[in-house]
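Asker: Below are the sequence and a predicted model; questions follow.
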Amino acid sequence: MAMVTSTLPEAARKVAGDALQDTLVDLLGLSLIGKQAHWAIVGPRFRSIHLQLDEVVTLARTHADTVAERCAAIGVAPDGRPETIAGAFALPGPEAGWLRDTRVVQLVVDALGSAVTRLRERVAATAEPDPVTQDLLITITSDLEKQRWMFDAENWPSDG
């Protein structure tokens, strides 16, 4: 039972709510990946990547808050509990221990790439039922793609 009423028809609310909840899980997971890598990174590019990871974490957390608020606005209770995130998270994550700077870059490229792929599916799914949610997901996709590009640029060898 929805405690908050929605202006969306039930079928549209279900599609939008599912897309938003899945996005919330991905974003909270990305923020955890970013912080774990931030704490565990080692290597010659430590400082620049360490700081760049904070940008990803801030972006993911900011968007997670917006997504959760959109859920609430359409009458869907957002679920960001640790057990929900752990049980539903599907993006690639870091291994335990110290992480070489080159490994961190590839990890973030892969995680952001997976998140963007999943977001694009949700963008398509919400086009008809809820263009407002779709617009939010498009914005998030654009921001994550930009971060992916910035990390992917780190993969280029310094000699060429």
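Answerer: Structure's in. What do you need?
Asker: Check the gap between the residue most central in space within the chain and R47 for me.
Answerer: Residue closest to the mean C-alpha point of the chain, counted by C-alpha atoms, centre = their mean, is L27 at 2.9 Å. Noted for L27: a distance of 26 Å to R47, by C-beta to C-beta, to the nearest Å. C-betas here are computed from N, CA, C, even on glycine.
Asker: which strands and helices sit next to the helix ranked longest in the chain?
Answerer: Longest helix in the chain, counting residues (DSSP state H): helix 10-40. With contacts taken as 3 or more C-beta pairs under 8 Å, 6 or more residues apart in numbering; DSSP states H and E, helix 10-40 sits against helix 46-73, helix 82-88, helix 101-126, helix 131-152.
Asker: which sections of the chain are below the confidence cut-off?
Answerer: Across the chain, residues meeting the criterion (pLDDT under 70) sit at 1-2, 157-160.
Asker: Quick one: neighbours of H63, just the number.
Answerer: Counted with other C-beta atoms under 10 Å, the neighbours of H63 add up to 23.
Asker: I should have written A73 there, sorry.
Answerer: Residues lying near A73 (other C-beta under 10 Å) number 15.
Asker: follow-up on the earlier one: quick check: which of the helices and strands packed on helix 10-40 is nearest to A16?
Answerer: With C-beta to C-beta as the criterion, A16 lies closest to helix 131-152 of those, at 4.2 Å.
Asker: Give the buried residues for that closest one.
Answerer: Buried residues in helix 131-152, counted by 16 or more other C-beta atoms under 10 Å: 133-134, 136-138, 140-141, 143-145, 147-148, 151.
Asker: With stretch 75-93 instead?
Answerer: For stretch 75-93, a neighbour-count test (16+ other C-beta under 10 Å) marks G75, V76, P78, G80, I85, L91 as buried.
Asker: Go ahead and confirm the fifth one touches S31.
Answerer: So the one you mean is I85. No: with contact defined as C-beta atoms under 8 Å, I85 does not count as touching S31 (9.9 Å).
Asker: Thanks a lot, catch you later.
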